[in-house]
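>>> The following comprises the amino acid sequence and a computationally predicted model.
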Amino acid sequence: MREARRRHYGAFYGLAPAPGDDGRPLVLVHGNCQAESLRVLADSPGSPVRTVRMPPVHELTGDDLPCLEKLLGQADAVVSQPIRAGYRGLPLGTADVMAATAPGTRLVMVPVIRWAALHPFQVIVRSPQAGDPPVVPYHDLRTMGRATGAVPAFSGGFVRAVRDISVRELVERQRRHGTIDVVDLLLDAGSRACQVINHPGNEVLRGTAHRMLEALGLPWDPRDPGRVLLDSVHAPLAGPTLEALGLDGEETTNWQVHGKTVPDTEIQQAHLEWYRRHPGLAEQGLQRHAEVARLLFTH
C-alpha cells in the first residue's frame, strides 16, 4: 500500500519526472481534497501553469518533509487553503510552507469550501476518540436529535436560514484568511453546488480554479474533466429543500457511496447504533452546531 501511494505521487517523491521547465510557472496547490481538484483543473490541457500532484496535507508525515521542501524551493507560486502553523506538529501550515519557498514566490489563498444549503441537516463532527461514524463520515442533526430525544420541526424557513448561515460563515472565513471569493459561485450553481457539504461540484471548482489563476495574473478557463472530481460520496437531495430554495433539480432519496447505492434509512440506523455505543457524542455534536440545532428543534 505504501509503495502504491508513493507511485501515485511519483513526481512528489522523485519516482517520476517532474514537469520540465517549459517557461510556464510551477504552481503547487496545498491543502485537502478540494485543493487537489483545483490542481487537476489547473493542470488540464492548455494550462498556463505546471503543477505537481502532492499528498493532501492531512496525509503528509515528517518523512515527506524533504520532498515537500525541495518542491517548495522550485515553486514560482503556492496556492494554499488556510492551514494553521505547526499543523499536526509539523511545519505544514501556510506560513510554514511559504517560509520554505524562494524569495518572490507568490501566494494565493483559497477557502475551504463548506456549503450546507443543499444538505441543511448535514454536519461534520470530529471526535479523536470515536473517529467517524459508520458508512459515511457525515452526521445528520435529525439523527443526533433522535439519539437525544429531540424532535425536529422542518420548515422552508429553516432551509433558508441554514443557507444564510453558510453564506455568512464562508464570507467571514474568506475575509479572515484573505482568500479569493467563491460565495457567488455556490449560489449560482444552485442544485449543482455540491455533493456533500465539503465536496463542491465541478461548476464551483472550475470557477474557483479560474479565479485562482486570475489572482496569479494568468486568467484562463479550465476545461471540465468529463468526470465528477469529488465523486466519492453523494448525499440525498431532498425535494422540500430544493423547493424552499427555489431551485431546479431532481430529488434523490439514497446516498451514493463509492459507487454503491445506500438507503438513507440504513445510514440513520447505523448512526443511531453508533451513538448508543458512544454516549454523549450526539449531545456534543448538537452543542457544536448549536446555532443550526436551535433553529431545527424550535421551528
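On my side now, so go ahead.
>>> what separates the top helix by length along the chain from the chain centre, distance-wise?
Secondary structure of the chain per DSSP state H: the longest helix is helix 156-177. Helix 156-177 has its C-alpha centroid displaced from the chain centroid by 16 Å (CA atoms, centre = their mean, to the nearest Å).
>>> That helix - contacts with which helices or strands?
Applying 3 or more CB pairs under 8 Å, 6 or more residues apart in numbering; DSSP states H and E, one finds that helix 156-177 makes contact with helix 183-189, helix 239-245, helix 290-296. From N, CA and C alone the C-beta is placed, and that goes for glycine too.
>>> Make CSV from these and add distance to V40 to it.
Compiled in CSV, these are given as follows (distance: least, CB to CB, whole Å):
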stretch, distance to V40
helix 183-189, 17
helix 239-245, 29
helix 290-296, 32
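>>> Out of the ones you listed, which gets nearest to E214?
helix 183-189 (12.9 Å; CB to CB).
>>> residues in contact with the closest one?
Contacts to helix 183-189, defined as CB atoms under 8 Å, 6 or more residues apart in numbering, come from residues 113, 115, 117, 166-167, 170-171, 174, 193-194, 200-201, 203-204, 207-208.
>>> Stretch 95-102 now?
With CB under 8 Å, 6+ apart as the test, stretch 95-102 has contacts from 30, 68-69, 72-75, 78, 80, 85-87, 90-91, 105, 107.
>>> Widest-spaced pair of these?
The farthest-apart pair in the contacts of stretch 95-102, when distances are taken by CB to CB, is Q74 and G86, at 23.8 Å.
>>> where does the protein have low pLDDT?
The model of the chain has pLDDT under 70 over residues 1, 298-299.
>>> Tell me where it has helices.
Per DSSP H, the chain carries helices over the ranges 2-8, 10-13, 33-42, 65-74, 94-99, 141-148, 156-177, 183-189, 202-215, 239-245, 264-277, 281-288, 290-296.
>>> To L230, which of the ones you listed lies closest?
Once those are compared by CB to CB, helix 33-42 is nearest, at 5.9 Å.
>>> between that closest one and helix 202-215, what angle do the directions make?
For helix 33-42 against helix 202-215, the angle by axes from the mean of the first three to the mean of the last three CA atoms, to 10 degrees is 70 degrees.
>>> Check the offset of helix 33-42 from the chain's centre.
11 Å.
>>> Against which helices or strands is that helix packed?
When contacts are defined as 3+ CB pairs under 8 Å, 6+ apart, helix 33-42 sits against strand 26-30, strand 77-80, strand 199-200, helix 202-215.
>>> Kindly reformat these as a markdown table containing mean neighbour count and distance to E251.
Shown next, in a markdown table, are the helices and strands packed on helix 33-42 (neighbours: other CB atoms under 10 Å; distance: least, CB to CB, whole Å):
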| stretch | mean neighbour count | distance to E251 |
| --- | --- | --- |
| strand 26-30 | 24 | 35 |
| strand 77-80 | 23 | 36 |
| strand 199-200 | 25 | 19 |
| helix 202-215 | 21 | 20 |
